[in-house]
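Novice: Next comes the sequence, and after it the predicted model I'd like to discuss.
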Amino acid sequence: MSDPLLTAVSGMQAAALRMPSGAATATPAQTPNPQPTQAQQPASSGGGMRAALVPSPPGDLETELVTGKQASAAYRANMAVFGAMGRAYQSLIDIIA
């Protein structure tokens, strides 16, 4: 069984990688030598995922904006899981102590 805290952290890390990659693709004029990338997020055997940036073909602005919104929502959702699990662990500690 995987630890929900570690799964949430890996989800936040993956979402954090997706946000700047989409932004660099969507704003090539402000990015010197823009290299379009996307985050690959294969599942890890212990739970969670290991995200990595890989080269990708240039995308259109609409797709990149949606990708940024999705990454932001995923980050917030994983933060909510992290917070809920932290409170659950604290309650368990309070019961034991």
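Specialist: Received, thanks.

Novice: where do the strands sit along the chain?
Specialist: Under the criterion DSSP state E, the chain carries strands at the ranges 37-40, 52-55.

Novice: Run through the neighbouring helices and strands of the first one.
Specialist: Under the contact definition 3 or more Cβ pairs under 8 Å, 6 or more residues apart in numbering; DSSP states H and E, strand 37-40 sits against helix 4-26, strand 52-55. C-betas here are computed from N, CA, C, even on glycine.

Novice: Strand partners (parallel or antiparallel) of the last one?
Specialist: This means strand 52-55. Paired neighbours of strand 52-55 in the sheet (DSSP bridges): strand 37-40 (antiparallel).

Novice: so residue 75 touches residue 15, yeah?
Specialist: Yes - the pair residue 75 and residue 15 passes the contact test of Cβ atoms under 8 Å, sitting 3.8 Å apart.

Novice: Which of those two has more residues huddled nearby?
Specialist: Comparing residue 75 with residue 15 by neighbour count (other Cβ atoms under 10 Å), the higher total belongs to residue 15, at 22 against 18.

Novice: for this protein, what's the longest helix?
Specialist: Longest helix in the chain by number of residues (criterion: DSSP state H): helix 61-96.

Novice: May I ask which helix or strand of the protein has the lowest mean pLDDT?
Specialist: Of all helical and strand segments in the chain, the minimum by mean pLDDT, DSSP states H and E falls on strand 37-40, at a mean of 72.

Novice: For that strand, C-alpha coordinates in PDB please.
Specialist: Extracted in PDB, the C-alpha atoms of strand 37-40 (Å, rounded to 0.1, in the frame of the first residue of the first chain):
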ATOM      1  CA  THR A  37       8.400  20.300 -23.600                       C
ATOM      2  CA  GLN A  38       5.700  18.300 -22.000                       C
ATOM      3  CA  ALA A  39       5.600  16.400 -18.700                       C
ATOM      4  CA  GLN A  40       5.500  12.600 -18.900                       C
END
